[in-house]
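S.K.: this one's sequence-less:
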Ligand code: NCD
């Protein structure tokens, strides 16, 4: 594992390994001795967090994952403080980061930027790995990894992810998290997807073509009420209003793509509700009290999965302490 750019490149053995590593790190961190052992894993490695698009969770979870492993971090979050305002090219900026650190973790407003950075790295003498922490409305591979980890943990005692019915609801057109998660589904047997979205924000043809190619069954609907009883997981997303050009999100009757008490009543008792967060009105905060609400755990899973990814990239995975009890 070097760059983390394209979720399509992840195969089942690696996904299973990363989930196991995330669990090992999570359990190790419960004890003082385990936390210290984790901190001794990568004390000589440095990370650049280049986040020029807003981020709370992805930034904080990567930052803290680095610190858990003993890494040091530098950051640029506001491009107006970087030499890009002096006209430095994107390529030169990335190359400069690579002069000082051992990994570049980046989020940009533009699609394809992380891929471009990785390509540049492949052409220079001292390349460092690039991790895509969200590229426009395109991809968000590490979110998909933590989503897989959350699904796997939730279904651990129910046969795992294989064979499950997974609903994805909301702005599926511009939501990069669901797009990336769809790309990982080819690794699981018999998964069925249900896309619940307003027609104008339906899942895009590129993702559907990928699902067709891998014979992953999906069904599209605008009716949450009809889909609800069949779901093992409901992955809720917000309207990605930041991509609106003429307020098109406002035309959506969000009440039809939201979850509150009436929807909970129709959801299976052992189903789970996920959301990459931040949430808008699509999940009533009262849902947080329901044992099926998994999004706060999902958020925390992100830190452990990102620690697993970093340990794997630097070949430190075998040194994550094995926890005595599970
Ligand atoms: C998501 C993102 O940035 O794409 N958030 C996250 O990383 N947890 C989802 C979103 O912003 O809707």
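M.R.: Nice, thanks for sending it over. Predicted model only: the values in this text are computed from it and were never measured. Numbers count the residues shown, from 1 in each chain.

S.K.: check contacts around the residue nearest to the spatial centre of the chain.
M.R.: Nearest residue to the geometric centre of the chain (CA atoms, centre = their mean): residue 143, 0.3 Å. By CB atoms under 8 Å, 6 or more residues apart in numbering, the residues touching residue 143 are 58, 134, 176-177, 180-181, 276, 302. Any C-beta I mention is one placed from the backbone N, CA and C, and that applies to glycine too.

S.K.: Narrow those to those in strands?
M.R.: Secondary structure from DSSP state E places residue 134 of the contacts of residue 143 in strands.

S.K.: could I get the contacts of residue 143 as a markdown table with pLDDT?
M.R.: A markdown table is the format used below for the contacts of residue 143 (pLDDT from 0 to 100):
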| residue | pLDDT |
| --- | --- |
| 58 | 97 |
| 134 | 97 |
| 176 | 97 |
| 177 | 98 |
| 180 | 98 |
| 181 | 98 |
| 276 | 98 |
| 302 | 98 |
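
S.K.: near the ligand, from the contacts of residue 143?
M.R.: Restricting those to those near the ligand by CB under 6 Å from any ligand atom leaves 58, 134, 176-177, 276.

S.K.: quick check, nearest of those residues to residue 79?
M.R.: Ranked by distance to residue 79 (CB to CB), those are led by residue 134 at 15.2 Å.

S.K.: In TSV, list the ones next to the ligand among the contacts of residue 143 along with distance to residue 20 and neighbour count.
M.R.: What follows is these, written out as TSV (distance: CB to CB, whole Å; neighbours: other CB atoms under 10 Å):
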residue	distance to residue 20	neighbour count
58	22	23
134	25	27
176	26	22
177	23	25
276	23	27
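
S.K.: Of the residues you listed, which is the nearest to residue 162?
M.R.: Taking those together and measuring to residue 162 by CB to CB, the closest member is residue 177, at 21.4 Å.

S.K.: Not counting sequence-adjacent ones, nearest residue to that closest one?
M.R.: Counting by CB to CB, 6 or more residues apart in numbering, residue 177 lies nearest to residue 276, which is 4.3 Å off, once chain neighbours are set aside.

S.K.: May I ask you to confirm that that neighbour is in contact with residue 237?
M.R.: Yes. Assessed by CB atoms under 8 Å, residue 276 is found in contact with residue 237 at 6.6 Å.

S.K.: what's the overlap in contacts for those two?
M.R.: Listed as contacting both residue 276 and residue 237 by CB under 8 Å, 6+ apart are 175, 177.

S.K.: Now do the contacts for the nearest residue to residue 37 once chain neighbours are set aside.
M.R.: The shortest distance from residue 37 to any non-neighbouring residue, by CB to CB, 6+ apart, is to residue 321 (4.5 Å). Listed by CB under 8 Å, 6+ apart, the contact set of residue 321 reads 24, 28, 33-34, 37-38.

S.K.: and with 10 Å instead?
M.R.: Residues near residue 321 by CB atoms under 10 Å, 6 or more residues apart in numbering: 24-25, 27-29, 31, 33-38, 40-41.

S.K.: ditto for residue 69
M.R.: Residue 69 neighbours (CB under 10 Å, 6+ apart): 25, 38-43, 45, 47, 306-308, 310-311, 314, 316, 320.

S.K.: tally of neighbours for residue 253?
M.R.: Other residues within reach of residue 253, judged by other CB atoms under 10 Å, total 8.

S.K.: Tell me how far the closest residue to residue 187 other than its chain neighbours lies from the ligand.
M.R.: Among residues not flanking residue 187 along the chain, residue 12 sits closest, at 4.2 Å (CB to CB, 6+ apart). For residue 12, the distance to the ligand (CB to the nearest ligand atom, to the nearest Å) stands at 24 Å.

S.K.: Pull the contacting residues for residue 12.
M.R.: 184, 186-189.

S.K.: do the same with residue 243
M.R.: 109, 136-137, 171, 173-175, 249.

S.K.: Quickly note the distance from residue 54 to residue 78.
M.R.: Distance from residue 54 to residue 78, counting by CB to CB, to the nearest Å: 11 Å.

S.K.: Among the two, which residue is more densely surrounded?
M.R.: Applying other CB under 10 Å to residue 54 and residue 78 shows that residue 54 carries more neighbours, namely 13 against 9.

S.K.: what sits against that one?
M.R.: Applying CB under 10 Å, 6+ apart to residue 54 gives the contacts 77, 107, 109, 134, 242, 278.

S.K.: what does residue 230 give?
M.R.: Neighbouring residues of residue 230 by CB under 10 Å, 6+ apart: 165, 167, 192, 194, 219, 267-268, 271.

S.K.: Selecting buried members of those residues in ChimeraX, what would you type?
M.R.: A single ChimeraX command selects the buried members of those (16 or more other CB atoms under 10 Å):
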select :165,167,192,194,267,271
